[in-house]
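**Q** predicted model and sequence follow; I will ask about them next.
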Amino acid sequence: MFFSSPNQTIRKAFNRIFDTTPLLISLVAALVVASVLLIAMSTDPLQAYRSMLNGAVGTENAFAETLVKAIPILFVAVGICVAFRGGVINIGGEGQMIAGALAGVSVALIATSLPGPLIILFSLTAGFVAGALYAGIAGFLKAYFNVNEILSTIMLNQIAVQSMNYLLNGVLLDPTEAGTNHIPKTAKILAEAQLPRFSITLPDAIYGALQGLGFAGTPELFARTRLHYGMIIAILLAVIIYMLLWRTTIGYRIRAVGENENASRYAGIHVPRQIILAMFIAGGCAGLAGVVQVLGLQYRLQTDGSATGFTANAGFNGIVAALFGGLNPLGAIPASAVFGGLLVGAQKMQRDMGVPAALITAVNGLIVIFTVSSQMFARRRARRRAANEPPRSERVLDAAVNTPMEQQT
Amino acid sequence: MSATLPTGHRRIDQLEMRGIVKRFPGVLAVDHVDFDVCSGEIHALLGENGAGKSTLMKMLYGLYQQDEGVVRLNNAEVRIRSPHDAIQNGVGMIHQHFMLVPSLTVAENIALGMKSSRGWRLDLDLVSKRIRELSERYNLKVEPDIPTWQLAVGEQQRVEILRALYRGAALLILDEPTAVLTPQEVDDLFVILKKMTADGHALIFISHKLHEVLAISQRVTVLRDGRRVDTIPTEGATRLKLAEMMVGRPVVLEYERPEVTVYSDRLQVRNVSALNDRGEVGLRELSLSVAGGEIVGVAGVSGNGQHEMAQVIAGLRPLTGGKIEINGQDVTGRSPSVVRKMGVAYIPEERMIDGVVKDFTVAENLVLHDHGRKPFVSQRIFMNFKAIRDACQEAIRAYEIKTPGPDVPIKNLSGGNIQKLVLARELARQPQLLIAAQPTRGVDIGATEYIHRQLLKERARGTAILLISEDLDEIRALSDRIVVMYEGQIMGIVPGKDVNIRQLGAMMAGTPLDKVAEMS
Ligand SMILES: Nc1ncnc2c1ncn2[C@@H]1O[C@H](COP(=O)(O)OP(=O)(O)OP(=O)(O)O)[C@@H](O)[C@H]1O
Ligand SMILES: [Mg+2]
């Protein structure tokens, strides 16, 4: 009664291809729809997209900037995978990033007598813990008082921004800036507390080949860019969290609770503990995103009064990247890179073509809507193939997509 | 042109399925099956769990598409691509799980998704009128204007049948309609079904209970492993013959219960009270004990506190009073994980909701509570997938679970096979106390026999077993003592041997044992 024929194998392969095509199709579709907008603004869409592509990956520096932009998105996305797999819809990435950055920068500014690597280590740890605890509040409220985590995390975002503004105007304010009315910022962290810049030495053969293609840089790839070791930390984290979710009992329990809370409870799994833990890990990852922005890029924390000024919306974009990556931390790696590229490329397009910023927002929004809905379509197709009920992850997806998100940059 | 039914819809004189094939990845679920049903007939479909009954019927109702084969309706070929097509062609289906919107009234539920005869204005008054006509004709007693959450399971089923009739079903598929009904409700349902066939409806009836099939159907088709074994007239068939056709070997329908050593009390429930989900009193001052090596059967019409009792013991529902001891230790108010660690296993009644994680694989579901134990874990937190898969292979073999392998999502398995996996999981831990709620509901004869044997084996091993079942035959066949519950109270406890059925019936209807004794 059971069999597996070559026919089946081909069909499986076909299905896999078919599942990724909607993503590509939707990207193209989004660009087509967006070009209608561009034409309406009497801009040549082809030229615009060429400048976008150029801005994202056209030069060594552009590519580095794309990756720099992708780093915080990846940190957040990895955490979101855990939360959503655990059935907790964490919309609080922004607030958790800020909490992480505040704790991390404080440690880096206080522990100045320690050797550099230790400062970095303590600072990262503080950022993780702060983000985790901050998210843990929402987890705790959900687990024990059934408070909707979407609402609580959004509220916590507001609280985090205001706390940041308060602290940066007060105890954390750079002493040399006191009394001026520059935008509030902390002092700069010590040079040895900064994450080193990242570069790789290209082997001669590859360098030669690249030069043949018109590459103008030195063999020290990324040496003169802002790309930093946060990228490596983020990728390591993605791998670790992947292992955690699918290789350990901790991840197993989180996923079990996310898929079926009742059955987990009946089986003796402590459900509230898993909800809090999922939130804790998600918040920790977002917290790391915050510290790494400080240690690797900005070297201080400053605020223009909004969350976006510091996070550049990574706390929200991470959610989209996680969904884009199929709620799999490894999938989130390329997804974040693509997302970073879109953001960086859009800025270049804006500069080159002189289109209004709002249009860029619209184009990005279109891409998000199209790709996320294509993901839902792909999942629905897979579901129809397999069986009747939507899996939990998809219900989470639906909920997440229907959640109001702040404006995309 | 075929005749019309008294409901005013077109009659289906004959519906024929020829050479139907359906494949799922790794499974040939339906293998060249021929099947037909005529107006005025009840055709029963029998088969073990996973034989392909539901799959065959879902194709007829447009939920799945067949890979091969044709469907002919009154001799004309039809292609049914969706439930909408099915309804257009006069084919209706009653699923095991009802699909009513709880806050809407009966009439609203029935009108849901149908065009109003008044355009954009609701015609609920007309719907109600028509419902009254239909329910009178077919004995389908329901009040159109009350919300459906107030209805008992049997009444909800009647609403589903009404809805199908209202939409013009001339052929009605009933997939295990009796699995959730009390014996009284089953009798009522049969009256309705007989009336429908007398009017010229065609019915397809799926059940694992052979006596029901013998009582109601005119013909029986038996499926095994996706293939049709035979179609025979019900007249002249016997339970044993049908069982053998299904299983492919002789089946034992009675068990011997060897005398076993009875140990001291494993479970003591003392004056326990608790609320039900609606916040009313669900258990009142309930006291009961189960000893090791003893099966205590809990009989009663469902909804009389059995579910709450099981949950309270397993730590899943708070008590409002009383005390629970397991092995002499007080576990009152302890969490489910603590209770489980004391050696309690629980086969929940709602296996799809409370028993398994649908999107997890068979193997992952097998270790739902033992995932943290050796050998399933190594270096404290890493899952040992090889050990888990090996254990799963072993369970699949031992319990004859039909699945392409340990790594398919459990939702792809048929209901009975999921139940077997839950049983395998719960017995694997060699429990001190086993709470088994409706362990054989929706399970085929072969598997029922197997599960009963396993329960008796556990009993012989010295496990204390609390068996909650609506199936009186099951209770009588297995129990050392029988507890009868009514409205959250115990009406009486009687020895399982030579139990008086009339006495049980009276207690289930709410007469305490001492009163029953006085009467006789
Ligand atoms: N959506 C699906 N995907 C994959 N396999 C499936 C699917 N639905 C059913 N199957 C497989 O097809 C076979 C037939 O299943 P089906 O549900 O028709 O059995 P059944 O006779 O109704 O059993 P039961 O009495 O337990 O309800 C089983 O082996 C089952 O695992
Ligand atoms: Mg079935």
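**A** Ah, there it is. Residues are numbered from 1 along each chain as shown, chains lettered A, B, ... in the order given. Ligands and ions are numbered 1, 2, ... in the order given.
**Q** nearest residue to the middle of chain A?
**A** residue A:73 (2.1 Å; C-alpha atoms, centre = their mean).
**Q** and the lowest-mean-pLDDT helix or strand in chain B, which residues are buried?
**A** Ranked by mean pLDDT, DSSP states H and E, the weakest helix or strand in chain B is helix B:513-519, scoring a mean of 77. Of the residues in helix B:513-519, B:513, B:516 count as buried by neighbour count, 16 or more other C-beta atoms under 10 Å in any protein chain shown. (Glycine included, C-beta is placed from N, CA and C.)
**Q** about what we covered before: Provide a list of residues in contact with the residue nearest to the centre of chain A.
**A** Counting by C-beta atoms under 8 Å, 6 or more residues apart in numbering or on different chains, residue A:73 makes contact with A:289, A:314, A:317-318, A:321, A:336, A:339-340.
**Q** next step: the residues you listed restricted to helices.
**A** Counting by DSSP state H, those place A:289, A:314, A:317-318, A:321, A:336, A:339-340 in helices.
**Q** domain-wise, how is chain B divided?
**A** Domain assignment of chain B by automatic domain parsing yields the ranges B:14-247, B:265-354+B:429-519.
**Q** err, chain A, not the other one
**A** A:17-43+A:356-384, A:67-354.
**Q** the helices in the stretch 351-500 of chain B, which residues?
**A** According to DSSP state H, counting those that start in this stretch, the stretch 351-500 of chain B carries its helices in the segments B:362-366, B:385-398, B:415-428, B:445-461, B:472-478.
**Q** out of the ones you listed, flag the one nearest residue A:261.
**A** helix B:362-366 (15.0 Å; C-beta to C-beta).
**Q** in a strand, residue A:183, correct?
**A** No: with DSSP: H, G, I helix; E, B strand; the rest coil as the criterion, residue A:183 is coil rather than part of a strand.
**Q** ok, it touching residue A:306?
**A** No: between residue A:183 and residue A:306 there is no contact under C-beta atoms under 8 Å: 11.0 Å.
**Q** which neighbours do the two have in common?
**A** What both residue A:183 and residue A:306 touch, as defined by C-beta under 8 Å, 6+ apart, is an empty set.
**Q** for the stretch 51-200 of chain B, which residues are neighbours of ligand 1?
**A** B:51-55 (C-beta under 6 Å from any ligand atom).
**Q** which one of these sits closest to residue B:245?
**A** residue B:51 (11.1 Å).
**Q** I'd guessed that closest one sits against residue B:228; true?
**A** No: Residue B:51 is beyond contact range of residue B:228, at 9.8 Å (criterion: C-beta under 8 Å).
**Q** those two: who's more crowded?
**A** residue B:51 (27 against 21; other C-beta atoms under 10 Å in any protein chain shown).
**Q** mind checking how far the nearest residue to the more buried one once chain neighbours are set aside is from ligand 1?
**A** Using C-beta to C-beta, 6 or more residues apart in numbering or on different chains and skipping residues adjacent in sequence, the residue nearest residue B:51 is residue B:223, 4.2 Å away. Using C-beta to the nearest ligand atom, to the nearest Å, residue B:223 is found at 7 Å from ligand 1.
**Q** just checking, what packs against the one helix or strand residue B:223 maps to?
**A** Per DSSP states H and E: residue B:223 is located in strand B:219-224. If contacts are counted by 3 or more C-beta pairs under 8 Å, 6 or more residues apart in numbering or on different chains; DSSP states H and E, strand B:219-224 sits against strand B:42-47, strand B:227-233, helix B:239-247.
**Q** direction included, what does the first one pair against?
**A** Looking back up the chat, that one is strand B:42-47. strand B:202-206 (parallel), strand B:219-224 (parallel) (DSSP bridges).
**Q** which outside residues touch the first one?
**A** Contacts of strand B:202-206 from elsewhere in the structure, counted by C-beta under 8 Å, 6+ apart, are B:12, B:14-15, B:37-46, B:53-54, B:57, B:60, B:170-177, B:193, B:196-197, B:213, B:216-217.
**Q** what mean pLDDT does that strand have?
**A** For strand B:202-206, mean pLDDT is 96.
**Q** again, but for the longest one
**A** Summarised as a single mean, pLDDT over strand B:219-224 is 95.
**Q** any idea what residue A:220 is bridged to?
**A** Here residue A:220 sits in beta bridges with residue A:201, as judged by DSSP bridges.
**Q** my guess is it contacts residue A:201. True?
**A** Yes: at 5.8 Å, residue A:220 counts as touching residue A:201 under the criterion of C-beta under 8 Å.
**Q** in the stretch 51-200 of chain A, which residue sits closest to chain B?
**A** residue A:85 (10.9 Å; C-beta to the nearest C-beta).
**Q** quick one, what contacts that residue?
**A** A:245, A:251, A:254-255, A:258, A:278, A:327, A:393.
**Q** residue A:316 and chain B: what is the separation?
**A** Residue A:316 sits 27 Å away from chain B, going by C-beta to the nearest C-beta, to the nearest Å.
**Q** need the pLDDT of that residue.
**A** On the pLDDT scale, residue A:316 gets 91.
**Q** what does residue A:24 give?
**A** Looking at residue A:24, its pLDDT stands at 68.
**Q** give the residue spans of the chain that score low on pLDDT.
**A** Since no chain was named, I'll use chain A. A:1-24, A:357, A:371-372, A:375-409 (pLDDT under 70).
**Q** that's the wrong chain, I wanted chain B
**A** The low-confidence ranges in chain B, as defined by pLDDT under 70, are B:1-2, B:96-97, B:116-119, B:253-254, B:518-520.
**Q** quick one: the strands in the stretch 1-150 of chain A?
**A** For the stretch 1-150 of chain A, strands defined by DSSP state E, counting those that start in this stretch do not occur.
**Q** mark which of the contacts of strand B:202-206 are part of strands, please.
**A** Among the contacts of strand B:202-206, the members falling in strands (DSSP state E) are B:14-15, B:37-38, B:42-46, B:171-175.
**Q** ranking those by neighbours, who comes first?
**A** residue B:45 (28 neighbours).
**Q** dig out what it forms beta bridges with.
**A** residue B:206, residue B:221.
**Q** what strand or helix carries residue B:32?
**A** strand B:27-38.
**Q** so what touches that strand?
**A** For strand B:27-38, the external contacting residues (C-beta under 8 Å, 6+ apart) are A:1-3, B:13-23, B:43, B:45, B:52, B:55-56, B:59, B:66, B:68-69, B:171, B:202-204, B:221, B:223, B:225-228, B:231, B:404, B:412.
**Q** in ChimeraX, how would I select just the buried ones from those?
**A** Listed next is the ChimeraX selection for buried residues among the contacts of strand B:27-38, using 16+ other C-beta under 10 Å:
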select /A:1 /B:13,14,15,16,17,20,21,22,23,43,45,52,55,56,59,66,69,171,202,203,204,221,223,225,226,227,228,404,412
